[in-house]
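> dropping the sequence and predicted coords here.
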Amino acid sequence: MKIIGWDIGGAHIKAAKIDFKKQTSKTKLIYSPIWKNLNYLKKSIKLIKKKLGKTNYHAITMTAELSDIFPDRKKGVNHVVNLSSKILGEKNIFFYSKKSFLIKKLAIKKPFELNSMNWHATASFISNFFPNCILVDIGSTTTDIIPIKNKEIISKCVTDYQRLKSNELIYLGILRTPIQAVEKKKNLINENFANLSDVYRVLNKIPNTVDLLPTLDNKTKNKHDSARRIARIFGKDYKKNHFLKWKKTAYQIEGKHLKILKNVIKKIEKKNFLKKVPVIGAGIGEFLLKKIYNKKKYFSFYSTVNHINKNNVINCESAISVAFILNSFLERKKSKL
């Protein structure tokens, strides 16, 4: 059995092909700015399909419907469902919802069961291995903080509005987030001169495999151009012999980022658990969690999937999760026949 799991986002499309018989995996991540033009979505799905090759089934979760190229989420979900079904084949495609998997016909009728469910897919998969924990998935744009208790996702929040209000969703990632979202106490220039990707490039913490977005000034991603962009939001010019000064500033910004994360996770833990529970890390910003927690408290998502080598895959946890969940779903259906 081969399944390709998809997480179709508004800035990136992630896919993971799992061969459950051979216990091998292959992943693909593409920068796809669909808010600029919907053709990016079409081209990206086609390219990933070609790169990953033949499969038995496709499992899809999405957040692309949030893109402002769509007038509303319903139209966004329907567009993703119709387009992916056309490219990948309607007969072997399943769409992840909170309750189950839906075929295309039902997915079109129930768009609000599909939208922004990638966090739920990852948490649902993790709950099989850690019955009591907090899953923290730090991506390029957002961070999901999901409490799991007695193998159940205990959050009653479903919509982004509800999740933002409860702090289970915070718009704080490691690439696209403005520095001003973290560095709040200093007077900074509120322009799109720099973002957190510049900070983590200066600190040499972002692998090239996930650093796919263009820079805000369309200059290079080297440490000096990244430091120059950081200096600009402080209203200063950059000189190469001042790099260590701006590296120190980058560490300070990282420290504030860590403090925000730690405080929010602590609040959610206190609200939902009587004692401390493990934190499960996922996403391209997982390295931040390793700085906050020790080995007794912290586990990586990849500790749950033995035959997937973390060193050989790009951070596609939601895509991996939805593939595994569909495999279990199909096995259960098969056993009932």
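Sure thing, it's come through. Numbers count the residues shown, from 1 in each chain.
> can we go C-alpha only for contacts and neighbour counts from here?
Will do.
> all helices for the stretch 101-250 of the chain, in order.
In the stretch 101-250 of the chain, the segments counted as helices under DSSP state H, counting those that start in this stretch are 104-109, 118-126, 160-165, 196-202, 223-233, 243-272.
> what packs against the second one?
Taking 3 or more CA pairs under 8 Å, 6 or more residues apart in numbering; DSSP states H and E as the contact definition, the neighbouring helices and strands of helix 118-126 are strand 57-62, strand 133-138, strand 143-149, strand 152-153, helix 317-336.
> JSON lines please, covering the helices of the stretch 101-250 of the chain and showing mean neighbour count.
Formatted as JSON lines, those follow (neighbours: other CA atoms under 10 Å):
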{"stretch": "helix 104-109", "mean neighbour count": "16"}
{"stretch": "helix 118-126", "mean neighbour count": "23"}
{"stretch": "helix 160-165", "mean neighbour count": "14"}
{"stretch": "helix 196-202", "mean neighbour count": "26"}
{"stretch": "helix 223-233", "mean neighbour count": "22"}
{"stretch": "helix 243-272", "mean neighbour count": "16"}
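> residue 88 is nearest to which of those?
Among the helices of the stretch 101-250 of the chain, the nearest to residue 88 by CA to CA is helix 104-109 (11.7 Å).
> now that closest one: how far from the chain's centre is it?
When distances are taken as CA atoms, centre = their mean, to the nearest Å, helix 104-109 is centred 25 Å away from the chain's centroid.
> what's in contact with that helix?
The contact list for helix 104-109, computed with CA atoms under 8 Å, 6 or more residues apart in numbering, reads 77, 78, 81, 82, 85, 90, 93, 94, 95, 114.
> mind listing what the spatially most central residue of the chain touches?
For the chain, residue 139 is the residue whose C-alpha lies nearest the centre (CA atoms, centre = their mean; 4.1 Å). Counting by CA under 8 Å, 6+ apart, residue 139 touches 173, 174, 175, 283, 284, 285.
> which of those sit farthest apart?
175 and 283 (11.6 Å).
> give me the more crowded residue out of the two.
Taking other CA atoms under 10 Å, residue 175 and residue 283 do not tie; residue 175 has more neighbours (26 against 23).
> so who does that one touch?
So residue 175 contacts 139, 140, 141, 195, 196, 197, 198, 211 (CA under 8 Å, 6+ apart).
> separation between it and residue 96?
Residue 175 is 26 Å from residue 96, where distance means CA to CA, to the nearest Å.
> turn the helices and strands packed on helix 118-126 into CSV, including distance to residue 203 and mean pLDDT.
Output for those, formatted as CSV (distance: least, CA to CA, whole Å; pLDDT from 0 to 100):
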stretch, distance to residue 203, mean pLDDT
strand 57-62, 31, 96
strand 133-138, 17, 96
strand 143-149, 20, 96
strand 152-153, 35, 94
helix 317-336, 24, 90
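> from the contacts of residue 139, which single one is nearest residue 238?
For the contacts of residue 139, the minimum distance to residue 238 (CA to CA) is 21.3 Å, reached by residue 175.
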